[in-house]
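[1] Need a 3D model of the following:
(2 chains)
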Amino acid sequence: MSPTWHARLGRWRDQAIALGWLVLIWNLLWGRFTWANLVGGLLVGGAVLVFFPLPPVTFGGRLRLRALVSMAASFVVDLVRASVHVAVLAVRPGPPPRSAIIAVPLRVHTDLNLALTAEVVSLVPGTLIIDVDRDDAVLYIHVLDLPGTGGLAANRERVLAVERGIVRAIGSARELHTVTVDRGSAP
Amino acid sequence: MSLGTVADWAGAGALVAGALLALAAGIGLLRFPDTLDRMHAATKPQVLGVLLTMLGLALRLRSPADLGMVALVALFQLATAPVAAQMIGRAAYRTGRHDRSLLETDELADR
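    Presented below is the predicted three-dimensional model:
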């Protein structure tokens, strides 16, 4: 197969997967799976893909189920711990917390990794993405209560741990090598 | 005690916990001093708060159609909250509507 034919096939596969998800969401919105909803979902999903095209995000790695579960588990732990921390900060008396904006350069420079890491980091309370440098894969993060969350180094390491978890779950072998070999030597 | 009763009580517990987190978020929104700090209160307890509320609803409703809807609400909440927070945070930072005296360090300033 020629490279262009191969790329086109990959693009079609990505589109088909996206269409599958849209059809599923359409059926869930209606509340039940019927043939009418299936056909309607295909029409609406097709229209969404044609009229609102997004840049292709091709999935280059492979899914590792065990790493995915452990990433989800550590996300839930982080989420609960940080939610309680922010809630306590909100209600306890005293001066406002000391915050900081820190720059965290990621190791894996793909759009998918950048987006997923930013997404998970900003879902956890206490860290808020202010800006993203897409070319150099740097996240600029506002950290609420820097002293109370362990200071600069601990916060950087936490973000890199999130990235490591994501790459372990869905990254390619080479990306996995990048995050495990450089471990602990962040610039 | 039947399984349904257990699910009802677990659901009630999740609903109350979710509501408490939403209350803490409201208090934080009032008490935190500047926009960036407030964004933490405005967007984050909402994540776990909404997830707990949805979990509580799912445990009490227990019908497939409602579960699908509940899953979608949770999914869209998780997908959109960070985007909104980042847009507002970035706009606030770039227009200088944040209190520099509250920051320990600012590594974005010297970029």
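[2] can you give me the helices for chain B?
    Using DSSP state H, the helices assigned to chain B run over residues B:3-31, B:35-43, B:45-61, B:64-94.
[3] Nearest to residue A:48, out of those?
    The closest of those to residue A:48 is helix B:64-94. By CB to CB, the value is 14.8 Å. Every C-beta, even on glycine, is put in place using the N, C-alpha and C of the backbone.
[4] Could you tell me the least trusted of the helices of chain B?
    Among those, helix B:35-43 has the lowest mean pLDDT, at a mean of 81.
[5] follow-up on the earlier one: export the helices of chain B to a markdown table and append columns for mean neighbour count and distance to residue A:152.
    Supplementary listing: the helices of chain B in a markdown table, determined by neighbours: other CB atoms under 10 Å in any protein chain shown; distance: least, CB to CB, whole Å:
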| stretch | mean neighbour count | distance to residue A:152 |
| --- | --- | --- |
| helix B:3-31 | 16 | 23 |
| helix B:35-43 | 23 | 17 |
| helix B:45-61 | 21 | 24 |
| helix B:64-94 | 16 | 19 |
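[6] could these go into CSV alongside distance to residue A:84?
    Shown next, in CSV, are those (distance: least, CB to CB, whole Å):
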stretch, distance to residue A:84
helix B:3-31, 9
helix B:35-43, 13
helix B:45-61, 9
helix B:64-94, 18
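[7] can you tell which of those is closest to residue A:63?
    helix B:64-94 (18.3 Å).
[8] So that closest one, near chain A or not?
    Yes. Interface with chain A: helix B:64-94 contributes B:64-66, B:68-69, B:71-72, B:78-79, B:81-82, B:85-86, B:89-90, B:93 (CB under 8 Å from any CB of the partner chain).
[9] so how far is residue B:17 from residue B:1?
    Computed as CB to CB, to the nearest Å, the residue B:1 to residue B:17 distance reads 21 Å.
[10] what about stretch B:91-101, start to end distance?
    One end of stretch B:91-101 sits 19 Å from the other (CA to CA, to the nearest Å).
[11] Other residues contacting that stretch?
    Stretch B:91-101 is contacted from outside by A:101, A:130-131, B:33-36, B:39, B:106, B:108, using CB atoms under 8 Å, 6 or more residues apart in numbering or on different chains.
[12] Go through these and name the one nearest residue A:19.
    For the contacts of stretch B:91-101, the nearest to residue A:19 is residue A:131 (33.2 Å; CB to CB).
[13] Kindly confirm whether my reading is correct that the closest one touches residue B:107.
    No. Using CB atoms under 8 Å, residue A:131 is not in contact with residue B:107, being 10.5 Å away.
[14] Can you tell me which of the contacts of stretch B:91-101 are buried?
    A:101, A:130-131, B:34-36, B:39, B:106, B:108 (16 or more other CB atoms under 10 Å in any protein chain shown).
[15] shared neighbours of residue A:131 and residue B:107, anything?
    Common neighbours of residue A:131 and residue B:107 (CB under 8 Å, 6+ apart) are residue A:140.
[16] domain ranges for chain A?
    Partitioning chain A according to automatic domain parsing yields domains covering residues A:3-51, A:65-181.
[17] Turn the ones you listed into CSV, including mean pLDDT.
    Shown next, in CSV, are those (pLDDT from 0 to 100):
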stretch, mean pLDDT
domain A:3-51, 86
domain A:65-181, 87
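[18] Out of those, which one sits most buried?
    domain A:65-181 (a mean of 18; mean count of other CB atoms under 10 Å in any protein chain shown).
[19] confidence score at residue A:185?
    So residue A:185 comes in at 47 (pLDDT).
[20] oh, I was asking about residue A:182
    pLDDT, residue A:182: 54.
[21] and residue A:128, which of the three is it?
    strand (DSSP: H, G, I helix; E, B strand; the rest coil).
[22] my guess is it contacts residue A:122, does it?
    Yes. Counting by CB under 8 Å, residue A:128 does reach residue A:122; the two are 6.1 Å apart.
[23] what do these two both touch?
    B:43, B:85-86.
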